[in-house]
Structures are given as structure tokens and as C-alpha cells.
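[1] heads up, no residue letters with this:
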């Protein structure tokens, strides 16, 4: 399970499916989904979405690229899905999140901890 989660962390912007992740973990797709959820508390799909949103959060507040560009860079293929998922996880739209201004000048490890969505 850790190998598959690490692959998701490294390759979050790539199209990843349960079958490919199950092969990395050396288990069947059905067993992978059940075991991943039991181990990490969320489905593989939700974990991957959250990782993508976390990266988008950083990009939104550290540059001036468009929301659409960021959406595509982090692995979403639809702006609507990205915006809905972002709002579900963070609690506000990508544009509202960006409007709060640039990231504070603190060590990255602290900023990532403070910004990590809890939903």
C-alpha cells in the first residue's frame, strides 16, 4: 500500500487508475481499494484528488497562472470537476482561495502543514 501511495504522491498529475496502482501494490484491484481505504481512511481516488488539490493550493497562492492552467497541471481534465473538488476539500473556490493573497514567508514545511486541507 505504501508503494502505491508513494507513486500517487510522486505522479499525482498523471492519469492513475486503480488497476495500475494495484499492480504497484501487487494485489488485485478490489483488494487494493478495500485495503487502501482501511489503511489510509479514504479511497484511492479521494486521496489522489486531495494530493492534486494540495498542489493546486500552493500554485494558486504562489504565482499568477490562470486557474485553468493550474487545474490541468495538477492532473484534472475538467475545470468544473477541479472547482467542485477544490471547494469540497478546501471549503472555498479556487478564485476565493487565491484572493487571500500570496503565501507567507515561512519555511515550506510549516506552510504545507498549515495549508493542508482537513476535509
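    Structure's in. What do you need? Being a predicted model, the structure only gives us computed values, none of them experimental. Numbering: from 1, shown residues only.

[2] quick check: domain ranges of this protein?
    The record's domain split for the chain, according to automatic domain parsing, is 2-44, 48-115.

[3] and the helix or strand hosting residue 96, how far from the chain's centre?
    In this structure, residue 96 sits in helix 94-99 according to DSSP states H and E. The chain centre lies 17 Å from the centre of helix 94-99; the measure is C-alpha atoms, centre = their mean, to the nearest Å.

[4] which parts of that helix are buried?
    Using 16 or more other C-beta atoms under 10 Å as the test for burial, helix 94-99 gives 94, 97, 98. Using the backbone N, CA and C atoms, a C-beta is placed for each residue, glycine as well.

[5] contacting residues around the last one?
    Counting by C-beta atoms under 8 Å, 6 or more residues apart in numbering, residue 98 makes contact with 60, 61, 67.

[6] So what's the model's average confidence on the helix holding residue 96?
    Averaging pLDDT along helix 94-99 gives 94.

[7] on that earlier part again, return the member of the domains of the chain having the minimum mean pLDDT.
    The minimum mean pLDDT among these belongs to domain 48-115 (a mean of 89).

[8] Now do that domain: distance to the chain's middle.
    On the basis of C-alpha atoms, centre = their mean, domain 48-115 sits 9 Å off its chain's mean C-alpha point.

[9] swap in stretch 8-26?
    Distance, centroid of stretch 8-26 to centroid of chain: 13 Å (C-alpha atoms, centre = their mean).

[10] buried stuff in it?
    Result for stretch 8-26 [16+ other C-beta under 10 Å]: buried residues 8, 12, 16, 18, 21, 22, 24, 25.
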